[in-house]
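1. sequence unknown, structure follows:
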């Protein structure tokens, strides 16, 4: 039996960060990662292997950092864990003993049982599996008509990438707009207009009845009676936590199937921690259980787990999930942090919003200048920022992160107005018309009435 002080199961972003943090904080401890994949994909880059980055080989998480720190990487699959004896067995017949265990076993694409035809050839999902995705990429090369079902971030990004390669892409979404669960209507509608303008056919407000064909995909039948010709179908209908191993271990799961974990990422079993898509999350603003799965959140949780293995550190706790997303359609980027307006209202918050549209460079004649709109969602009672949305150029991704910092630190719109910022014509909006600050000013005017 092989021995290790810290065992990490899972090798995606969660496993990588958890292992590096555990080793960095405990250099005298041995750390081992067991993962199923020889090469691990960068999660957020997966849609772009179908176009922009050209191949999955150009979207690989490097192992150099782990190896340099002395972390052992084992390509294998853990089949069972005995938490009483602190041992595990693998598919290759190996046994390991551990002192501390971090579960970073991720998530799996959802394939709804109610949808007929998902078993047909050329119906694909988007897992974090290089071998499977390489097969898809190869098959898609010869297909012309592709239907993508589900217009969340993955569905939109995959559709745009395939469109760039000359495919006839139809994106089907049951909600009124693409990205409708993540953005308020004015942002989602503009995103849909941009995507459609680039050549993707977006059918919204209509669900799929079934996928049909003789052994392989031929048609997609919509609920309103329309029938779409299809050489291939890509299901982008969300993900569910990959927790069958955790259940077999006796770890407590919550009502959504995630491993229960506290603010230090400790599970119901001593010395077992959980982080990433498989682990329970609580919404930062509402305190309710959350189903958000993000690589950025996973890395934060992984750091928290790695830092608290042997001694609890009050400065490194996970205080709740702030959904921070961004995407890019052509040269237009969209980002969101925290609660959007419709979700905040639904949760019972009394909110005030403010939107401002400016330009992300000054003067606006600079070559890569782009319209930039910022919307803030603020508690009317306290002025605390609950959420924010941005639509602009590619710098919108970092502006989204700034809004995330503000939310996590309970900043108010008054704090934002008084925040000192650095501006530079080629890099940022004007200090006199900085969209984030101007949106805060609009909210303050409403609060002062």
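-> Everything's here; your move. As the structure is a computational prediction, the values presented were derived from the model and not from experiment.
2. quick one, what contacts residue 441?
-> For residue 441, the contacting residues are 354, 356, 417, by C-beta atoms under 8 Å, 6 or more residues apart in numbering. C-betas here are computed from N, CA, C, even on glycine.
3. Among these, which one lies nearest to residue 313?
-> The nearest member of these to residue 313, counting by C-beta to C-beta, is residue 417 at 33.9 Å.
4. can you confirm that closest one is in a helix?
-> Yes. Counting by DSSP: H, G, I helix; E, B strand; the rest coil, residue 417 is located in a helix.
5. in the stretch 301-449 of the chain, what spans have low per-residue confidence?
-> For the stretch 301-449 of the chain, no stretch has pLDDT under 70.
6. And the strands in it?
-> Ranges of strands within the stretch 301-449 of the chain are 324-329, 332-338, 351-359, 371-379, 385-392, based on DSSP state E, counting those that start in this stretch.
7. Check these for me and report the most buried one.
-> Each of those was scored by mean neighbour count; the highest is strand 385-392, a mean of 27, by mean count of other C-beta atoms under 10 Å.
8. Show me what that one is packed against.
-> Counting contacts by 3 or more C-beta pairs under 8 Å, 6 or more residues apart in numbering; DSSP states H and E, strand 385-392 packs against helix 185-197, strand 332-338, helix 341-347, strand 371-379, helix 396-408, helix 435-448.
9. What pairs with that strand, parallel or antiparallel?
-> Applying DSSP bridges, strand 385-392 is found paired with strand 332-338 (antiparallel), strand 371-379 (antiparallel).
10. Dump the ones you listed to a markdown table, plus distance to residue 236.
-> Formatted as a markdown table, the strands paired with strand 385-392 follow (distance: least, C-beta to C-beta, whole Å):
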| stretch | distance to residue 236 |
| --- | --- |
| strand 332-338 | 17 |
| strand 371-379 | 26 |
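11. just so I know, which of those lies nearest residue 159?
-> In terms of C-beta to C-beta, the element of the strands paired with strand 385-392 nearest to residue 159 is strand 332-338, at 14.7 Å.
12. Could I get the pLDDT score of the residue sitting nearest the centre point of the chain?
-> In the chain, the residue lying closest to the centroid (C-alpha atoms, centre = their mean) is residue 294, at 2.9 Å. Looking at residue 294, its pLDDT reads 94.
13. who are the neighbours in contact with it?
-> With C-beta under 8 Å, 6+ apart, residue 294 has these contacts: 323-325.
14. any idea which of these is closest to residue 425?
-> Nearest to residue 425 among those: residue 324, at 27.5 Å, using C-beta to C-beta.
15. for the closest one, what are its contacts?
-> Residue 324 sits next to 294, 296-297, 335-338, 400-401, 403-404 when contact means C-beta under 8 Å, 6+ apart.
16. Ok, residue 258 next?
-> Taking C-beta under 8 Å, 6+ apart as the criterion, residue 258 is in contact with 241, 243, 278-281, 289, 291.
17. same thing with residue 299?
-> 13-14, 17.
18. Just the ones in strands from these, please.
-> Taking DSSP state E, every one of those sits outside strands.
19. so which of the residues you listed would you say is closest to residue 232?
-> Within the contacts of residue 299, the smallest distance to residue 232 is 27.9 Å, found for residue 13 (C-beta to C-beta).
20. Now do the helices in the stretch 201-350 of the chain.
-> For the stretch 201-350 of the chain, the helices defined by DSSP state H, counting those that start in this stretch cover 244-249, 295-307, 341-347.
21. got the buried residues for the shortest one?
-> Right, helix 244-249. 245-246, 249 (16 or more other C-beta atoms under 10 Å).
22. For it, the averaged confidence score.
-> In the prediction, helix 244-249 has an average pLDDT of 98.
23. what's that helix in contact with?
-> 9, 78, 80-81, 83, 103, 105, 253, 259, 267, 269, 272, 274, 278.
24. thinking again about what came up before, can I get the helices and strands packed on strand 385-392 in TSV including distance to residue 157?
-> Formatted as TSV, those follow (distance: least, C-beta to C-beta, whole Å):
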stretch	distance to residue 157
helix 185-197	10
strand 332-338	11
helix 341-347	22
strand 371-379	21
helix 396-408	13
helix 435-448	24
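25. dump the residue contacts of residue 7.
-> 32, 34, 88, 96, 98, 100-102.
26. Helices of the stretch 1-150 of the chain, start to end?
-> Assigned by DSSP H, counting those that start in this stretch, the stretch 1-150 of the chain shows helices spanning 13-25, 64-69, 130-140.
27. and the gap between the residue in the chain sticking out farthest from the centre and residue 437?
-> Computed with C-alpha atoms, centre = their mean, the residue of the chain farthest from its C-alpha average is residue 449, at 38.5 Å. Noted for residue 449: a distance of 20 Å to residue 437, by C-beta to C-beta, to the nearest Å.
28. ok so, going back, can I get the helices of the stretch 201-350 of the chain in a markdown table including distance to residue 442?
-> Output for the helices of the stretch 201-350 of the chain, formatted as a markdown table (distance: least, C-beta to C-beta, whole Å):
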| stretch | distance to residue 442 |
| --- | --- |
| helix 244-249 | 46 |
| helix 295-307 | 28 |
| helix 341-347 | 14 |
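29. closest to residue 179 out of those helices?
-> Nearest to residue 179, of all the helices of the stretch 201-350 of the chain, is helix 341-347, at 12.7 Å by C-beta to C-beta.
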